[in-house]
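Chemist: The sequence and its predicted three-dimensional model are supplied below.
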Amino acid sequence: MTSLRSAEGSVGGQGLRAFLVIWLGQVISIIGSGLTGFALGVWMFEETGQATPFAMTVLFATLPRLLLAPVAGSLADRWNRRWIMVLADTGSALVTLGAIALVMTDRIEVWHVYGIALLGAICSSLQEPAYLASIAVLVPHEHLGRANGMVQAAQAIDMLLSPMLAGALFGVVGMRGIFLIDIATYVIAVGSLLVVAIPQPQRTTSVDDPEDKWQDLTYGWRYLWARPGLFGMLIYFALVNFFLGTIGALSGPLVLSFAEPVVLGTVQMASGVGMLLGSVVISAWGGPRRRITGVVGAIAAASVGILVMGLRPSGVGVGAGMALFLFFIPIASGCSQAIFQTKVPLNAQGRVFAARSMISGSMMPIAYLLTGPLADRVFEPRLQPGAPWADGWIGRLMGVGAGRGIGFMFVIAGVFLMTASLLAWTHPRIRHLEAELPDVEASVTAPVA
């Protein structure tokens, strides 16, 4: 059977080269955004000294990905994916220009950072389904695990280089200069998209009337609901992401509670090393034959790193735990992505991937809303000297003082993450989903869900 990749001339070297060009542009853009994020994060903690603003920022950066997911997925299957990514990167550059204006006029405040995160996330939510769905039409199935590992490696490179570069550049060019560098990286990302072609799967249905448009928006949900193994895996991911939300919102406050910002930069660099190594492993390896084993096993192993992070107020301990945690995340993510790319038709991947993101990330806003207030008002006060938990087993396990309440939250998250992984593995539809669902042909026809 002739595949879409063959028909569009993107098979083999040509498609792989196009993917590499796009990937490199996105790596550079991600590093620029990482510089801005690191600088704003340190500024915010110095301004407030609390964990809640961190959590709120992550919340505003997450909500658009959930609320706009159906629209973004539908657009990725209906419109030209390359131009969607171009427009999204251009929008992100305009958001950064607005941030520069606030900094140059000395008017930037905490609520402005929330707005920057919100608008940037809107652009990212439009880009992500188009980017992920493009991988499957550019990269042959047998190399999807490696390609997804490279996508994870981009985030690892960001975590490794951005803190180091931000620390070095902040004293030389200041926050304004960092923002200008961020804009330059967006220009490079857009340029990389303009020099390649991305095949667009042919649509087989019309969405001209309101009823068809509604069917189009809900297609991803219906597709997943009709396949209990995939849907069950997403429920597992939702539970996992609830606890990962705690890590994302509180890792910065945890380190800054006992160390200077330079230590936070070092911890983030160690995190990047761990994630980069994990990405290299999955890129070279491609994952186990049964990819679901890689998903659940890697997440269970990552939970050990979370436990290590929370146990002691040590930059070395937190850095080692974060590196261990993030070593396994690319392996789990690469295996998961490859499962969906081989089980979902090419011309439905935008909508299905968007629904996947919406379901798996549905618990993260709840985590972000809860973690800041829980850290500031419940866990931290109760592990101060003379506080209720200080003299009991919790105090003996965790120690007392600044950051110990947040550390205890990490320990709880690690235990629950391991428990969730065990429950997922005992679910037969999740464990056997690869055997139950056949691989899709790289064709333009998507079965009705």
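Modeler: Yep, that arrived. Numbers count the residues shown, from 1 in each chain.
Chemist: From here on, just use CA atoms for contacts and neighbour counts.
Modeler: Noted.
Chemist: Rounded mean pLDDT for stretch 403-422, please.
Modeler: Per-region confidence: stretch 403-422 scores 93 on mean pLDDT.
Chemist: Any buried residues in that stretch, and which?
Modeler: 403-411, 413-418, 420-421 (16 or more other CA atoms under 10 Å).
Chemist: Which secondary structure element is home to the residue nearest in space to the middle of the chain?
Modeler: Nearest to the geometric centre of the chain sits residue 155, at 8.4 Å (CA atoms, centre = their mean). Assigned by DSSP states H and E, residue 155 falls within helix 144-194.
Chemist: Residue 31 too?
Modeler: helix 13-48.
Chemist: secondary structure class for the residue of the chain positioned farthest from its centre?
Modeler: The outermost residue of the chain, judged against the average C-alpha position, is residue 386 (39.3 Å), by CA atoms, centre = their mean. The three-state assignment at residue 386 reads coil, by DSSP: H, G, I helix; E, B strand; the rest coil.
Chemist: same thing with the one 3 residues further on?
Modeler: Under the three-state scheme (three-state DSSP), the conformation of residue 389 reads as coil.
Chemist: for residue 198, same thing?
Modeler: Classified using three-state DSSP, residue 198 is coil.
Chemist: residues near it, how many?
Modeler: 21 (other CA atoms under 10 Å).
Chemist: ok, now how distant is the residue nearest to the centre of the chain from residue 175?
Modeler: As for residue 155, its distance to residue 175 is 22 Å (criterion: CA to CA, to the nearest Å).
Chemist: what residues are up against the nearest residue to residue 115 once chain neighbours are set aside?
Modeler: Leaving aside its sequence neighbours, residue 115 sits nearest to residue 60 (CA to CA, 6 or more residues apart in numbering; 7.7 Å). Contacts for residue 60 (CA atoms under 8 Å, 6 or more residues apart in numbering) come out as 114, 115, 117, 118, 121.
Chemist: For the second one, I want the exact helix or strand it lies within.
Modeler: Taking DSSP H and E as the criterion, residue 115 maps to helix 110-138.
Chemist: Just give the number of residues close to the nearest residue to residue 362 once chain neighbours are set aside.
Modeler: With sequence-adjacent residues excluded and distances taken as CA to CA, 6+ apart, residue 362 is closest to residue 238, at 6.3 Å. Look at residue 238: counted by other CA under 10 Å, it has 21 neighbours.
Chemist: Does residue 238 belong to a helix, a strand or coil?
Modeler: helix.
Chemist: Was I right to think it contacts residue 359?
Modeler: Yes: with contacts counted by CA atoms under 8 Å, residue 238 reaches residue 359, the gap being 6.6 Å.
Chemist: shaky segments in the stretch 301-449 of the chain?
Modeler: 441-449 (pLDDT under 70).
Chemist: Strands of that one, residue ranges please.
Modeler: Counting by DSSP state E, counting those that start in this stretch, the stretch 301-449 of the chain forms no strands at all.
Chemist: picking that back up, helix or strand for the residue nearest to residue 115, which one?
Modeler: helix 52-67.
Chemist: next helix or strand past that helix?
Modeler: Immediately after helix 52-67, counting by DSSP H and E, sits helix 69-78.
Chemist: Off-centre distance for that next one?
Modeler: Distance of helix 69-78 from the chain centroid (CA atoms, centre = their mean, to the nearest Å) equals 18 Å.
Chemist: what packs against the following helix or strand past that helix?
Modeler: Once helix 69-78 ends, the next helix or strand along the chain (criterion: DSSP H and E) is helix 81-104. Helix 81-104 makes packing contacts with helix 110-138, helix 144-194 when contacts are defined by 3 or more CA pairs under 8 Å, 6 or more residues apart in numbering; DSSP states H and E.
Chemist: looking at these, which has the lowest confidence?
Modeler: helix 144-194 - the lowest mean pLDDT of the helices and strands packed on helix 81-104, at a mean of 78.
Chemist: could you check the angle helix 110-138 makes with that one?
Modeler: 110 degrees (axes from the mean of the first three to the mean of the last three CA atoms, to 10 degrees).
Chemist: Direction-wise, compare helix 144-194 with helix 81-104 and give the angle.
Modeler: 70 degrees.
Chemist: buried ones in stretch 106-124?
Modeler: Neighbour-count burial for stretch 106-124 flags 110, 113-124 (criterion: 16+ other CA under 10 Å).
Chemist: For the residue nearest to residue 362, which residues are in contact?
Modeler: Taking CA under 8 Å, 6+ apart, one finds 359, 360, 361, 362, 363, 364 in contact with residue 238.
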